[in-house]
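**Q** Sharing a model that was predicted from the sequence below.
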Amino acid sequence: MRVRVQPLCRLILPVLLCLSVPLQAAQLAVSQDYPTIQEAVDQAAIDDTVAVSPGLYPGSVYLSHRIHLLGLGQSPAETVLDAQGRPYAVHCSYFDENDPGFRIENLTLTGASIVALDYSSGRHLRILRCLLVGNPGGAIHYQGVSILFSCQLSILQSTIAGNGLVDRLIDLTMVSQLTIQRSIIAGNPGAAEIYVAGQLPGMLIQYTNHFERAENSWSGLLAPYAGISGNISADPLFIDPEGDYRLAAGSPCLPPASPSGETLGAMGEGPGLPGFSALFWADPYSPWFPSEVAFHHLDSSQELLYEWDTDGDGVYDKVGTHPRVNYEGPGLFDVTLRVTDLQGREERSSVEGFIQLGGRRLRVPGDYPSLAAALAVTIPGDSVLLDCGTYLEHDLIVGNGVTIGSVDNDPDCVILDGQGLGRILDARETDSLCVRGITFRNGWTLEEGGAIASGDRLELQNCRFQLNSANSGGALSGSDYSSRTSIVRGCEFERNLATVAGGAAWQVNGDWSDCRFVSNSAGQIGGALNSGGSLNGGVGDLLGVLESCLFQDNRAALGGAVFAGDLEASGCDFINNEASESGGALKGGSLELEDCRFIGNRSQGNGGAIDASIVFGPRRLRLRDTLLHMNQASGLGGAIHGTNTSLELFQCTLAWNVAAQGSQIHGSNLGPYILATKLQLLRSIVVPGGTGHPFVLSYSNASQEPPLVQECDLWSPDGFDWYSINEFAGVNGNLELDPLFCDPDTGDLHLLPGSPCRHHYNDDAVDMGYSTGSCYPVSVTPTALPEALALTVAPNPFNSRTLIAFELPRPGIVRLDVHDLLGRRVLRVIQEPLSAGEHRVPIDCAELASGVYILRLRTPDAELARRMLVLK
């Protein structure tokens, strides 16, 4: 099989290996028609089918209108949507009172930190023959639009296994009918409960195996269905409970033992090799054209031999055990790959296809005297390379599918200066633009996008934006806030200005990682970022995903740093941002935040750090492993203010936040919403500041769901004022003890070894509060600046403690983590801005088992990894 693809800046070509499925007229094919699932979804009309070829698809998929998402493999294990630590694998948000709903079929959803499948404000959801496995968070969150409509969730012939430590495997709100048939729910480490908020739904549970513990798996909401309607509780006998969910011979879920006489769950009988799936992809980090072609397969544990025919001549000219091959220049290449065992005897698969790597390279000023002259002759796939220097150009029209960058991929090398005379790049008529290693300065327009006005997709890497201004999007603007295909990595935004919205960027929605936003401002909304759309934050206003970004000293009226209807963020810092009206750092509707820090943010109205009070409701704010410290509001909610919002906090620390009312959290509900503001505070630490009650929860209807506070430490030197949550004092494992922070005077809120919030002392499985690591300081050695990133571990191997040394050639946000061999993060060492130079930090791995681990160092510019061996 040959597939011809012409990628621009980034290419992903999934290759169908085992099965060829004819596509119907209403089908959009991935990868034949679209390189990514999200691009196909964004182009699909209502009721279309997005048919996904077998392969591994990283990231999240967002569904905003009614479609059928279908995997084309012989089993769901062949088509894998891997969230790679992002909050969701699939997020659905759509409402139509006549809507028959979404259907998701024959897919694997894995790697989601919060929940594999999130369905908000919808009617019907049908999950058929799917694997929901390996998600550190839960499996399904379903929130119906209203109790006034019939909202139904159906789970049919699916397997839910190996998901995380959360208590709510399936979390339901406003669902009128729950159906589970011919499915397996087994091997989930947490309580694996089905939780329903509000009125219980009608339930049909048939021919399902629920096996989590040796006894009493059918508990809670499922207890009445134990032993009836063909339901069982027995070990399903997975081939490998750690990752191969096919069923071994003799499984009670296979005929003839199966109570229905048919196979239960999403997978059939093993043994034998699982369905083999693969991807070709071109390296998106290559400076000018993707020069490296890589091959990915699902079973990465096997040692295999890769034989490459790189030019289609029938000769395998590169052979090795590493699944990558490099090309010296751009072009269209006919690639064939044969994968065998190490002896070259047993062929596992053969893949072939055409890969387009880059296009022409136009040098400025070598080939053309100016950037304008080079852009005038470009065609899709071309790259324009700028030699070092300052270019005084503006109002440049960019053609479709062009890459622009500095010859050294260094923003200090090339500066495009608009001199305040106009917008620098106009790419509004393009489908794709890629820019790398350039500083944009002094761009100006009375419209949108002072530096760059982009079309459908914008990809930026290692760029810098300074002193640009516009009506909206001081530096960047996009064309359509419903599109979420842009990628921005390792970029800096400083002192950009928008008179209305998005001081740094407006409507550039997609994935943002390792970026810095400092001293940007907007006259109305989103001092740094604004997702676009209305001030009411409709369900379409999805900014996308933020990862390891810094927001500092940004200003706006609403949302000092960010204003977004919907947002997911992980590993981000919000420091000293300010809003003149509400949301000192962040204002939004449905917000999912993990491993973030909000420090010293201010609001002259409500929500010193976060205001989750956009008008349309109900909405949700979910925080996990997050710090809120020394934020302040002149009005309500020193840390958090929410109206018509479900407030869910897990393993968070709220300390010394200040407000007129609700120094930590203020929540209320308005209007007709039956499910409005509620509070769930779990395994968290709260230390109030200032005067007034730390928690103020006010409700306007009698059916409001009561709060839940469990396994938390709520402490004040003068005695904690429980006020709205007084029924939880001394119960549910709650404490009222000094948490023993390392050094609160300097802002070090890690826990001392003897803290009552550490699990060694409170008999819990995990620590309370945010990222409770050690108090070890990071030492900096003042030396000459290194030329490149470096990382060492010594001693290695080691028993429990070792010393990490690394060198940074430039300052930036640094993330240092320890991962196991499955890629799961087991220890966060550092995540903070650091200066250039040599750094040393000791780490304690006493709680890790013996074995091999990967130490991974990430900066905005590069990434390094080293193996560590723990011996005990």
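**A** Yep, it's here. Numbers count the residues shown, from 1 in each chain.
**Q** Report whether Leu221 is found in a strand, as I expect.
**A** No: using DSSP: H, G, I helix; E, B strand; the rest coil, the assignment for Leu221 is helix, not a strand.
**Q** buried set for stretch 246-265?
**A** 246-248, 251-254, 258-259, 263-265 (16 or more other Cβ atoms under 10 Å). (Glycine included, C-beta is placed from N, CA and C.)
**Q** pLDDT of that stretch, averaged?
**A** Mean pLDDT, stretch 246-265: 87.
**Q** Stretch 130-147 too?
**A** Mean predicted lDDT for stretch 130-147 stands at 79.
**Q** go on, stretch 90-98?
**A** Rounded mean pLDDT across stretch 90-98 is 67.
**Q** let's have the chain start at 814 instead
**A** Yep, numbering from 814; the last one is stretch 903-911 now.
**Q** returning to what we had before: next, give me the two most distant ones among the buried residues of stretch 1059-1078.
**A** Using Cβ to Cβ, the two most remote members of the buried residues of stretch 1059-1078 are Arg1059 and Pro1072, lying 19.4 Å apart.
**Q** Next, the buried residues of the helix ranked longest in the chain.
**A** Of all segments of type helix in the chain, defined using DSSP state H, the longest is helix 850-856. By neighbour count with 16+ other Cβ under 10 Å, helix 850-856 contains the buried residues 850-855.
**Q** Throw the residues you listed into a markdown table and include pLDDT, thanks.
**A** Formatted as a markdown table, the buried residues of helix 850-856 follow (pLDDT from 0 to 100):
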| residue | pLDDT |
| --- | --- |
| Ile850 | 92 |
| Gln851 | 89 |
| Glu852 | 87 |
| Ala853 | 89 |
| Val854 | 88 |
| Asp855 | 84 |
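**Q** Between those residues, which sits nearest Pro1014?
**A** Once Cβ to Cβ is applied, the member of the buried residues of helix 850-856 that ends up nearest Pro1014 is Val854, at 28.3 Å.
**Q** With adjacent residues omitted, what lies nearest to that closest one?
**A** Val863 (5.6 Å; Cβ to Cβ, 6 or more residues apart in numbering).
**Q** how many other residues sit next to the one you found?
**A** For Val863, the number of neighbouring residues by other Cβ atoms under 10 Å comes to 25.
**Q** ok, now Gln1417?
**A** Around Gln1417 there are 16 residues (other Cβ under 10 Å).
**Q** and what of Ile859?
**A** If we define neighbours as other Cβ under 10 Å, then Ile859 has 10 of them.
**Q** Also Val1190?
**A** By other Cβ under 10 Å, the residues close to Val1190 number 13.
**Q** do the same with Ala1039
**A** 16.
**Q** Turn the buried residues of helix 850-856 into TSV, columns for distance to Met987.
**A** Converted to TSV, the buried residues of helix 850-856 look like this (distance: Cβ to Cβ, whole Å):
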residue	distance to Met987
Ile850	28
Gln851	28
Glu852	32
Ala853	30
Val854	25
Asp855	28
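**Q** any idea which of those residues is the one closest to Gly1323?
**A** Out of the buried residues of helix 850-856, the member with the shortest distance to Gly1323 (by Cβ to Cβ) is Gln851, at 8.8 Å.
**Q** wait, that closest one sits on Ser877?
**A** No: between Gln851 and Ser877 there is no contact under Cβ atoms under 8 Å: 10.8 Å.
**Q** What helices and strands are in contact with the longest helix of the chain?
**A** strand 840-843, strand 862-865, strand 874-876 (3 or more Cβ pairs under 8 Å, 6 or more residues apart in numbering; DSSP states H and E).
**Q** Nearest to Gly1263 among those strands would be which one?
**A** strand 874-876 (27.7 Å).
**Q** mind checking how far the next helix or strand after the closest one is from the chain centre?
**A** Remark: after strand 874-876, the chain's next helix or strand is strand 881-884, criterion DSSP states H and E. Centroid displacement of strand 881-884 relative to its chain, using Cα atoms, centre = their mean, to the nearest Å, is 21 Å.
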